[in-house]
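Asks: 3D model of this:
(one chain, ligands or ions: 1)
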Amino acid sequence: MNLIVAVDRNWAIGKDNSLLESIPDDMKFFRETTTGNVVVMGRKTLESFPGGRPLKNRTNIVLTNNRAFEREGAIIVHSMDQLDDVLAQFDSDRIFVIGGASMYRLLLNRCDTADITKIHNE
Ligand SMILES: NC(=O)c1ccc[n+]([C@@H]2O[C@H](COP(=O)([O-])OP(=O)(O)OC[C@H]3O[C@@H](n4cnc5c(N)ncnc54)[C@H](OP(=O)(O)O)[C@@H]3O)[C@@H](O)[C@H]2O)c1
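Replies: From the prediction side, this is the model:
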């Protein structure tokens, strides 16, 4: 399993359910790295995307405690056990944890690689 994240000089990753900064080259890197693969995210990160829609051309897996939550084009899971069951169908190299903070915290120790973009903003 892999992790992908953009951080600022203080390792902050976002504010008010948005990214701190959106860098076109980094967005391109993110898109190219994850396209055709599996992305794992928390429900708030899904909501932060335009229209709250899943990412195109990727298998989107979303963790939430809300049993009533549904989103077209996303696989919804409610526990680590359920997440493991779904992830078992995929090659671990193809799985990317894409945030947010709660998901990095939850899955960091399961990841073999981390792609970290460090933004040296003022
Ligand atoms: N810089 C980056 O690369 C990057 C990448 C992604 C996100 N972000 C930023 O990260 C921030 C969001 O992070 P966040 O930590 O607030 O939210 P998050 O991790 O995206 O989502 C949190 C939600 O995930 C669900 N969840 C988490 N752990 C769970 C568990 N064990 N079982 C069931 N559900 C679980 C819960 O959903 P329910 O409330 O529905 O139960 C929880 O409220 C935003 O600012 C976003 O822009 C930054």
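Asks: who are the packing partners of the helix or strand hosting Ile4?
Replies: For Ile4, the host element (DSSP states H and E) is strand 2-8. Contact analysis of strand 2-8 by 3 or more Cβ pairs under 8 Å, 6 or more residues apart in numbering; DSSP states H and E lists helix 24-34, strand 95-97, helix 101-107, strand 113-119 as its packing neighbours. Where you see a C-beta, it was placed from the backbone N, CA and C, and this is true even at glycine.
Asks: okay, these, which one's buried deepest?
Replies: Comparing those by mean neighbour count (mean count of other Cβ atoms under 10 Å), strand 95-97 ranks first with a mean of 23.
Asks: quick check, it touching the ligand?
Replies: No: Strand 95-97 stays clear of the ligand (Cβ under 6 Å from any ligand atom), getting no nearer than 9.2 Å.
Asks: likewise for stretch 63-78?
Replies: Yes: residues of stretch 63-78 contacting the ligand under Cβ under 6 Å from any ligand atom: Leu63, Thr64, Asn65, Asn66, His78.
Asks: quick one: residues in contact with that stretch.
Replies: 40-43, 46, 52-54, 59-62, 83, 86, 103, 106 (Cβ atoms under 8 Å, 6 or more residues apart in numbering).
Asks: how about those, which pair is most distant?
Replies: Largest separation among the contacts of stretch 63-78 by Cβ to Cβ: Arg53 and Leu106, giving 23.1 Å.
Asks: re the thing from before, export the residues of stretch 63-78 next to the ligand to CSV and append columns for distance to Ala6, pLDDT and secondary structure.
Replies: Formatted as CSV, the residues of stretch 63-78 next to the ligand follow (distance: Cβ to Cβ, whole Å; pLDDT from 0 to 100; DSSP: H, G, I helix; E, B strand; the rest coil):
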residue, distance to Ala6, pLDDT, secondary structure
Leu63, 20, 98, strand
Thr64, 23, 98, coil
Asn65, 26, 98, coil
Asn66, 27, 98, coil
His78, 28, 98, coil
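Asks: that concludes my questions; thank you for your assistance.
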